[in-house]
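K.L.:
Sequence first, then the predicted structure:
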Amino acid sequence: GENVEQHPSTLSVQEGDSAVIKCTYSDSASNYFPWYKQELGKRPQLIIDIRSNVGEKKDQRIAVTLNKTAKHFSLHITETQPEDSAVYFCAASGNTGNQFYFGTGTSLTVIP
Amino acid sequence: DAMVIQNPRYQVTQFGKPVTLSCSQTLNHNVMYWYQQKSSQAPKLLFHYYDKDFNNEADTPDNFQSRRPNTSFCFLDIRSPGLGDAAMYLCATSRDWAGAAYEQYFGPGTRLTVT
């Protein structure tokens, strides 16, 4: 099955700085790559996603880039705010399209 | 409005005593998932249904079973819970797959404690 690796596992940034989280995947047939934000004790919430026919997608302060050749994708958060502090998970859809495999998570702390 | 509902939100069971967790959805999505999430770890896919077709992950223990009696409901049965099964169990749904995956909607989770 799909193997998704995520780095770094923890990330601390000063408020206003940018944060970048990177993921790699193993299955070249994967075609959908969502990013989730999970606050303590809460459900994962989709914050942005990208499909394999697109190289970059942006939504206000959040952007995702995808390199299909290298099989990696990244989350970029600009102008970070304390409320961005959470655990972020990347995921990739399996080759059947129904299975989702998660990265190991990045705990982001934004220091005021 | 609640879209994916999980009951109960907190469940305490004894070692070896069967327990059932439930999930319901108002989205009319064809695909339903069960994940296990332990503290500080990523959600781990246990199994999923595409309509009534059941798909088990290769490393999901036999101790875990699932039922989907209709589109709206899905159940997770743990036949003989061990201490290692204490975790958050997340249910999720997504709409039809047509060559590509679609956004998953997660329920609030059920926190299972095994004593």
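P.N.:
Looks like it arrived, so ask away. Residues are numbered from 1 along each chain as shown, chains lettered A, B, ... in the order given.

K.L.:
Which single residue of chain A ends up nearest chain B?
P.N.:
Closest residue of chain A to chain B, Cβ to the nearest Cβ: A:Ser93 (3.5 Å). (C-beta placed from N, C-alpha, C; glycine too.)

K.L.:
Which strand residues bridge that residue?
P.N.:
Beta-bridge pairing of A:Ser93, defined through DSSP bridges, involves A:Phe100.

K.L.:
Go ahead and confirm it touches A:Phe100.
P.N.:
Yes. With contact defined as Cβ atoms under 8 Å, A:Ser93 and A:Phe100 form a contacting pair (5.9 Å).

K.L.:
pLDDT score for the residue of chain A closest to chain B?
P.N.:
Each residue has a pLDDT score; the one for A:Ser93 is 86.

K.L.:
Okay, it and B:Ser94: tell me how far apart.
P.N.:
Counting by Cβ to Cβ, to the nearest Å, the gap from A:Ser93 to B:Ser94 is 9 Å.

K.L.:
got it, and A:Phe89?
P.N.:
Separation of A:Phe89 from B:Ser94 (Cβ to Cβ): 16 Å.

K.L.:
If we ignore the residues flanking it in sequence, what's nearest A:Trp22?
P.N.:
Let me fix one detail, which is that residue A:22 is Lys and not Trp. Sequence neighbours aside, A:Ser74 is the residue nearest to A:Lys22 in space, at 4.8 Å (criterion: Cβ to Cβ, 6 or more residues apart in numbering or on different chains).

K.L.:
What is the neighbour count of the one you found?
P.N.:
17 (other Cβ atoms under 10 Å in any protein chain shown).

K.L.:
pretty sure A:Gly16 is touching A:Thr80, no?
P.N.:
Yes. Using Cβ under 8 Å, A:Gly16 makes contact with A:Thr80 at a distance of 6.6 Å.

K.L.:
When the two are compared, which one has more neighbours?
P.N.:
Ranked by neighbour count (other Cβ under 10 Å), A:Gly16 and A:Thr80 place A:Thr80 first, with 21 against 11.

K.L.:
So which residues on chain B come close to chain A?
P.N.:
Contacts of chain B with chain A, taken as Cβ under 8 Å from any Cβ of the partner chain, map to B:31, B:33, B:40-45, B:48, B:50, B:55, B:57-58, B:90, B:94, B:97, B:99-104, B:106-109.

K.L.:
just the buried members of those residues?
P.N.:
Buried members of the residues of chain B next to chain A, counted by 16 or more other Cβ atoms under 10 Å in any protein chain shown: B:31, B:33, B:42-45, B:48, B:50, B:55, B:57, B:90, B:94, B:97, B:101-102, B:104, B:106-109.
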